[in-house]
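# What shape does this take:
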Amino acid sequence: MAKKRIDMGHYMATSEERKHMQWCINNGIKISPFAHSTYEWYIDIEINGKKNRSPYLYKKVQIWEEIFKFYKYYYKKYGKNTI
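A predicted model of the protein is given here:
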């Protein structure tokens, strides 16, 4: 039985987005896609061991844009003055 190829699209994060992501990772904020199907994903966010899942489904490429928006949100909320 052959596995279906999953295409989450391609997204090139800016250096600012990568800075937000790195800060979150270093401070225990984990943001990741969670597959609903081979074409749609939720976003999981884990902070201090507490995990939440977005109520929305995202398509390819859109999933990455939204993940980086979350990274920016948490960076601005908790960490922008710490770097």
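# contacts, neighbours, all on C-alpha from now
Noted.
# Check which helix or strand the most centrally placed residue in the chain maps to.
The structure's the chain has its C-alpha centroid closest to residue 67; by CA atoms, centre = their mean the separation is 2.9 Å. Secondary structure from DSSP states H and E places residue 67 in helix 62-74.
# Let me see the mean pLDDT of stretch 6-13.
Per-residue pLDDT over stretch 6-13 has a mean of 86.
# For residue 40, see how far away residue 17 is.
Separation of residue 17 from residue 40 (CA to CA, to the nearest Å): 23 Å.
# What segments of the protein are strands?
29-35, 41-47, 50-53 (DSSP state E).
# so how far is the first one from its chain's centroid?
Mean C-alpha position of strand 29-35 versus that of the full chain (CA atoms, centre = their mean, to the nearest Å) differs by 5 Å.
# Kindly report the same for stretch 5-17.
With CA atoms, centre = their mean as the basis, the mean position of stretch 5-17 lies at 10 Å from the chain mean.
# Any idea how far apart the tips of that stretch sit?
Start-to-end, stretch 5-17 (CA to CA) is 27 Å.
# what residues does it touch?
If you take CA atoms under 8 Å, 6 or more residues apart in numbering as the criterion, stretch 5-17 is touched by 38-39, 59-61, 63-65, 68, 71-72.
# Out of the strands of the chain, which is closest to residue 22?
Using CA to CA as the measure, strand 29-35 is the one of these that comes nearest residue 22, at 9.6 Å.
# Adjacent strands (with direction) for that closest one?
Sheet pairing of strand 29-35 (DSSP bridges) gives strand 41-47 (antiparallel).
# And the strand it pairs with, what's buried?
By neighbour count on 16 or more other CA atoms under 10 Å, the buried set for strand 41-47 is 41-45.
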